[in-house]
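Trainee: A structural model of the following input is requested.
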Amino acid sequence: MATPELRTPTWINYWGWGSGDMLGAGAQAVITGWLAYFFITFCGLSAVETGLILGLPRLLEAITCPLIGYISDNLRHTWVGRRIGRRKIFLILTIPLLPSFALIFVTGQTFAYYLTTFVFFEFLYTMFLIPWETLAAEMTKDYGKKAKFAGARMLIAQSSAILASYLPTLIINHFGGKDSPGTFLIMAAIFGGLFSLVVLLVVLFTWERPYTEAEKLIQPEPMDWTKAALIPVNMFRDLFSTLRIKAFRQHLSLYLGGYISQDIFNTAFPLFVATVMMGATLVISQLMTTMYVAQLVSVMIAINVVIRTGPTAAYRMAISFVGAALLLFLAFYLIRPAGFAEGLTAMGGNLFSAANPMVLFWLFVPIILAGLGRGTLNFVPWSVYNYLPDIDEAVTGQRREGIFAGVMTFVRKIAQSGAIVVTTSLIGLGGYVSADKAHPGVAVVQTPEAVRAVVLVMVGGPILMMLWGLVVSWSFRLNAQTHQVLIHEVERLRAGETQAESAESQAIVENLTGWRFERLWGRG
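Mentor: Numbering: from 1, shown residues only. A predicted model of the protein is given here:
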């Protein structure tokens, strides 16, 4: 089968595709950064109830994530796939429904209401995310161009996170209501409109993998209900087949080590600020904004580091920054610097007006270090993801971008669900008390045991997860040089070759795939 000539992406394609992470990362920045705080502080839900709302929808996605990836892959030779696009049909369906994001932030509702609205939005989010993630891998095979797609995505992601963190400050400054739940409803309505806009941009400025001449001769098949009934069986067969790729298993460890550590931190950090640093919504907003600005800077640095040296060096550097930040937060809790609370009160809610060096240090040094590390932890896994379908193609002889996106999102959401449920449960077991439903936003004095639980979870959880990723990173061998060798060998396999060009290239391909060379290209 001849390889069709790919169009060359330009800056508008990089940024058009990357704009999708305004939804991909922007929604998660709001959800992981604010939703637990919103439910506990303004809706009177317990920490355990909050964890269930944030965690249960992810379990439902054990079906929806791989299912959407599988269906998307298999729409290629249908009327919908050829006329609209096997990926883009899903994107188009979400555009009018995404403003429903604001429904989650209506106060005074029941546990069932919040669970239902969150499940609905998470389903829309999955419908967009999985097909969207495949497009960069379909638009180019070049290592450098794929890194540019990942870089554009991450820059948009960090910008959306900055917006998610700073919007409460802007809304409070313009509309008042220092501790009002209306702040979050306005923020969610703004994001809902932005989500629809960026999905439209993705549809307009991206393309799917072009058809080969042989594929054009394939006639679209009518709907076969017997085959449709077998979708779950085939789907999970393909799902588990991805785990037979060595580089993908390693990649998942790096991915989860970096991302779950952030899920734990994001859930606990607003409560840490409220109970240990004695700040409220305005302080949390400005600290998170500072962190996300640092993350943006970190991504810009990481793009060059990954292209020049590969992903693992950047990953280890990121872990060291985040680890240092967490230890500083622990030190703050243990030391309780004298005069900090008074200095914070004297600022009148504007942290950027601080003149006291001691207050400045504890406010900004740990959170900037955390941001510098987190930006790179976010970038590295998604820069690597774009190369994984190439490794899979060497093993299977197929292009399965959709199933890989489905597996990654599925694993991510299941892991995120567990992280959030465990985090909120541990905090709840530590004695953390939610706000009274009759007095939303009114601070509750927590016991020393409850405060200690928040600190231990926020510091200990991320460190354990990052250590897991760090250990795996020492055996991960995917970089620009090894990827180039892999692509060359895939072209030779496509041409009918059965032996590697050299012993060195054979060793590289076997290390990345985890398969012996003679079993590649579907022969295993």
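
Trainee: Could you give the number of residues near Asn173?
Mentor: Close neighbours of Asn173, defined as other C-beta atoms under 10 Å, add up to 12. (Glycine included, C-beta is placed from N, CA and C.)

Trainee: Can you spell out which helices and strands pack onto the helix or strand hosting it?
Mentor: Assigned by DSSP states H and E, Asn173 belongs to helix 143-175. Counting contacts by 3 or more C-beta pairs under 8 Å, 6 or more residues apart in numbering; DSSP states H and E, helix 143-175 is packed against helix 11-18, helix 21-30, helix 111-139, helix 182-205, helix 281-309, helix 357-385, helix 480-494.

Trainee: by contact count, what packs against the shortest one?
Mentor: The elements that helix 11-18 packs onto, with contact taken as 3+ C-beta pairs under 8 Å, 6+ apart, are helix 111-139, helix 143-175, helix 182-205.

Trainee: List the buried residues of the first one.
Mentor: So that's helix 111-139. For helix 111-139, the neighbour count (16 or more other C-beta atoms under 10 Å) marks 114-118, 120-139 as buried.

Trainee: for the shortest one, same thing?
Mentor: Buried residues in helix 182-205, defined by neighbour count with 16+ other C-beta under 10 Å: 183-188, 190-192, 194-196, 198-199, 201-203, 205.

Trainee: my guess is Gly279 meets Leu287, correct?
Mentor: Yes: the pair Gly279 and Leu287 qualifies as a contact (C-beta atoms under 8 Å) at a distance of 7.5 Å.

Trainee: Residues that sit against both of these two, list them.
Mentor: Counting by C-beta atoms under 8 Å, 6 or more residues apart in numbering, the common neighbours of Gly279 and Leu287 are Val273.

Trainee: chain center to stretch 484-498: distance?
Mentor: Remark: stretch 484-498 is offset 32 Å from the chain centroid, using C-alpha atoms, centre = their mean, to the nearest Å.

Trainee: any residues touching that stretch, and which ones?
Mentor: Against stretch 484-498 from outside (C-beta under 8 Å, 6+ apart): 1, 3, 141, 143, 390-391, 393-394, 397, 500-501, 504-505, 508-509, 512, 518, 520-521.

Trainee: Those in helices, which ones?
Mentor: Those of the contacts of stretch 484-498 mapping onto helices are 143, 390-391, 393-394, 504-505, 508-509, 512, per DSSP state H.

Trainee: coming back round to it: the helices and strands packed on helix 143-175: which one's closest to Lys148?
Mentor: Counting by C-beta to C-beta, Lys148 lies closest to helix 11-18 out of these; the figure is 5.4 Å.

Trainee: before we move on, the earlier item: out of the helices and strands packed on helix 143-175, which is closest to Gly460?
Mentor: That would be helix 357-385 among the helices and strands packed on helix 143-175, by C-beta to C-beta, at 15.1 Å.

Trainee: between the closest one and helix 111-139, how many degrees?
Mentor: Note on geometry: by axes from the mean of the first three to the mean of the last three C-alpha atoms, to 10 degrees, helix 357-385 and helix 111-139 are set 60 degrees apart in direction.

Trainee: Helix 357-385 to helix 281-309, inter-axis angle?
Mentor: Orientation check (the same axes, to 10 degrees): helix 357-385 against helix 281-309 gives 50 degrees.
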